[in-house]
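Visitor: Sequence and predicted structure are below.
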Amino acid sequence: MALEFLWSFGQKKKKIPKKIADTTDYASLAKILVPVNQLALGMYVAELDRPWVETSFLFQGFEIKTEEELRAIKEVCDYVYVDTTKRKKNVRPPVTFKQVIAVEKPLEIANYGTPPKKLGKVENEFVHAEKIYENAEIVVANFMRSVENGGGIDSILAKNAVAECVESVLRSPDAMLWLFQLRNKDEYTAQHSLNVSILSIVLGRHINLSVADINKVGLCGMMHDVGKLLIPSEILHKLTPLDEEEARIMKTHTRLGYNLLKSSDHMNASAVTVALTHHEQLDGKGYPRRLQESGISHFTKIVSIANAYDEMTSDRGYKKGKTHLEATHILTNLAGTYFDPVLVVKFIESIGVYPPGSLVEMTNGCVAMVVEVHDNVKLRPKIIVILDEEKKPVSEERIIDLATMTKDKHGNIYTIKNIIKAKDWNIDVSRYYRDGLLQKSFTASN
């Protein structure tokens, strides 16, 4: 999915008005993530998609009262957390969130409800998640090999592998997302299909799908690109951009996958549909059938977002993968045309602004690894500091919960500045799991 030509990522450095509304006399009940193009006057901004210290806003939370303030937010952020019930006593907000989102989609984000509580702790789930992930990799690699050799797909084995992934995500999505970050994400290996499956499962959990439906959407993600296995290898694995004819052939993978899955025993009908339609767009400009929004299934909308995100964050022969923030920026810009705007918001919520396994630079110069994301404090996850302020390895790694407002040796609160790429810093993230350092850090912190 070629998306990079639609967007150019850059830092926004325009001047921000310093006079922001008074934040006193409010009562708060709920927060939701909102793309900045859906903001309106009267909404209360509770959190940004970046640390407050990087902006010129005086207050950490404010009501948008002027067009100038609205423009200022749009200049520095891609999305923010809005408190939908926070308002001054006896004063009705001029524009409700329902009115804003209804312009693009009649379904309110609030209709999905609150995500279910995690059934376990991330430190207890790592060992289980790794075994489940490795087993699923084997299952995917085996059915890919079978299809490439003219055989079929063992639907029962695939469903069982998905079911195990679902159980792990329900216990702790952070563990599976952490393993997702570790893998070498080559777009056309088993990892891509498995990654899309896991991302779809994580999103399905977050929007409160039933366990049965989470299993279905996970299978849809695992099977969505199976048609690519029938594309000539010289096109599928080409290390440079495809020419016009090659691109036409590549697009046939949706119908090839549809026909293959349709003839497979015990294959779920939803997976068959998603294989055909995961490149359809809400604006009717997708392929192969140019479906309008109403003709695209809910599972297809979920898998298409997961697929695009994993493609954008994966390295290919002729391009480097984008960072998490760059990829979510693109998804946000394409919400309403390519992708369901509500599901884009929920997807970003589900994996977090700083996903488990990602590397971040702190405002004091330290480099840390995100371990676990809090459901209610997305911008202050649990981290492990691995490089000190001089970018040298620390003598002893330990878990720091940013939600507790822990201070560094200078008395400053640990705060994330931005996401960085492990390759740019020659950091082997997998070592922290492989050598047991992650587990030791949890033990030392308890």
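Guide: Here it is on my side, so go on.
Visitor: Now do the contacts for the closest residue to K407 other than its chain neighbours.
Guide: Leaving aside its sequence neighbours, K407 sits nearest to I413 (C-beta to C-beta, 6 or more residues apart in numbering; 5.5 Å). All C-beta atoms are positioned from the backbone trio N, CA, C, and that covers glycine. By C-beta atoms under 8 Å, 6 or more residues apart in numbering, the contact set of I413 is 405-407.
Visitor: Identify each buried residue in the helix or strand encompassing A158, please.
Guide: According to DSSP states H and E, A158 maps onto helix 155-171. Buried residues in helix 155-171, counting neighbours by 16 or more other C-beta atoms under 10 Å, are found at 155, 157-159, 161-171.
Visitor: Show the residue spans covered by the helices in the stretch 101-250 of the chain.
Guide: When secondary structure is read from DSSP state H, counting those that start in this stretch, the stretch 101-250 of the chain shows helices at 122-148, 155-171, 173-182, 190-206, 211-223, 233-236, 244-251.
Visitor: Name the stretch from those that approaches G286 most closely.
Guide: Each of those was scored for nearness to G286 using C-beta to C-beta, and the closest is helix 244-251 (10.1 Å).
Visitor: Give the buried residues for the helix or strand just after the closest one.
Guide: Past helix 244-251, further along toward the C-terminus, the next helix or strand under DSSP H and E is helix 253-262. Buried residues in helix 253-262, defined by neighbour count with 16+ other C-beta under 10 Å: 253-258, 260-261.
Visitor: re the thing from before, what helices and strands are in contact with the helix holding A158?
Guide: When contacts are defined as 3 or more C-beta pairs under 8 Å, 6 or more residues apart in numbering; DSSP states H and E, helix 155-171 packs onto helix 122-148, helix 173-182, helix 190-206, helix 211-223.
Visitor: do that again at 6 Å, thanks
Guide: Using 3 or more C-beta pairs under 6 Å, 6 or more residues apart in numbering; DSSP states H and E, the elements in contact with helix 155-171 are helix 122-148, helix 190-206, helix 211-223.
Visitor: what's the closest of these to M362?
Guide: Between M362 and the helices and strands packed on helix 155-171, the shortest gap by C-beta to C-beta is with helix 122-148, which sits at 20.7 Å.
Visitor: Using JSON lines, lay out the buried residues of helix 253-262 together with distance to V202 and pLDDT.
Guide: Compiled in JSON lines, the buried residues of helix 253-262 are given as follows (distance: C-beta to C-beta, whole Å; pLDDT from 0 to 100):
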{"residue": "H253", "distance to V202": "25", "pLDDT": "96"}
{"residue": "T254", "distance to V202": "24", "pLDDT": "95"}
{"residue": "R255", "distance to V202": "28", "pLDDT": "95"}
{"residue": "L256", "distance to V202": "28", "pLDDT": "95"}
{"residue": "G257", "distance to V202": "23", "pLDDT": "94"}
{"residue": "Y258", "distance to V202": "25", "pLDDT": "93"}
{"residue": "L260", "distance to V202": "26", "pLDDT": "94"}
{"residue": "L261", "distance to V202": "23", "pLDDT": "94"}
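Visitor: Phi and psi next, for L48.
Guide: phi -100, psi 170 (degrees, to the nearest 10).
Visitor: beta partners for it?
Guide: Here L48 sits in beta bridges with V80, as judged by DSSP bridges.
Visitor: would a markdown table of the helices of the stretch 101-250 of the chain with distance to L41 be doable?
Guide: Compiled in a markdown table, those are given as follows (distance: least, C-beta to C-beta, whole Å):
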| stretch | distance to L41 |
| --- | --- |
| helix 122-148 | 40 |
| helix 155-171 | 38 |
| helix 173-182 | 35 |
| helix 190-206 | 29 |
| helix 211-223 | 37 |
| helix 233-236 | 50 |
| helix 244-251 | 43 |
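Visitor: Of those, which is nearest E68?
Guide: helix 190-206 (34.3 Å).
Visitor: how near is the spatially closest residue to H206 that is not a sequence neighbour to G365?
Guide: With C-beta to C-beta, 6+ apart as the measure, S350 is the residue that lies nearest to H206, at 3.7 Å, once sequence neighbours are left out. Between S350 and G365 the distance is 30 Å, computed by C-beta to C-beta, to the nearest Å.
Visitor: Three-state assignment for K417, please.
Guide: Here K417 is strand, with the state taken from DSSP: H, G, I helix; E, B strand; the rest coil.
Visitor: That one: what's it in contact with?
Guide: If you count contacts by C-beta atoms under 6 Å, 6 or more residues apart in numbering, K417 has them with 361-363.
Visitor: quick one: which of those is nearest V371?
Guide: Using C-beta to C-beta, the shortest approach to V371 within these belongs to M362, at 14.3 Å.
Visitor: For the closest one, give me its contacts.
Guide: When contacts are counted by C-beta under 6 Å, 6+ apart, M362 is found next to 414, 417.
Visitor: Next up, phi/psi of it, please.
Guide: M362 adopts backbone torsions of phi -90, psi 160, taken as degrees, to the nearest 10.
Visitor: Is it bridged to anything, and to what?
Guide: Using DSSP bridges, the bridge partners assigned to M362 are I416.
Visitor: what pLDDT does it get?
Guide: Note for M362: predicted pLDDT of 89.
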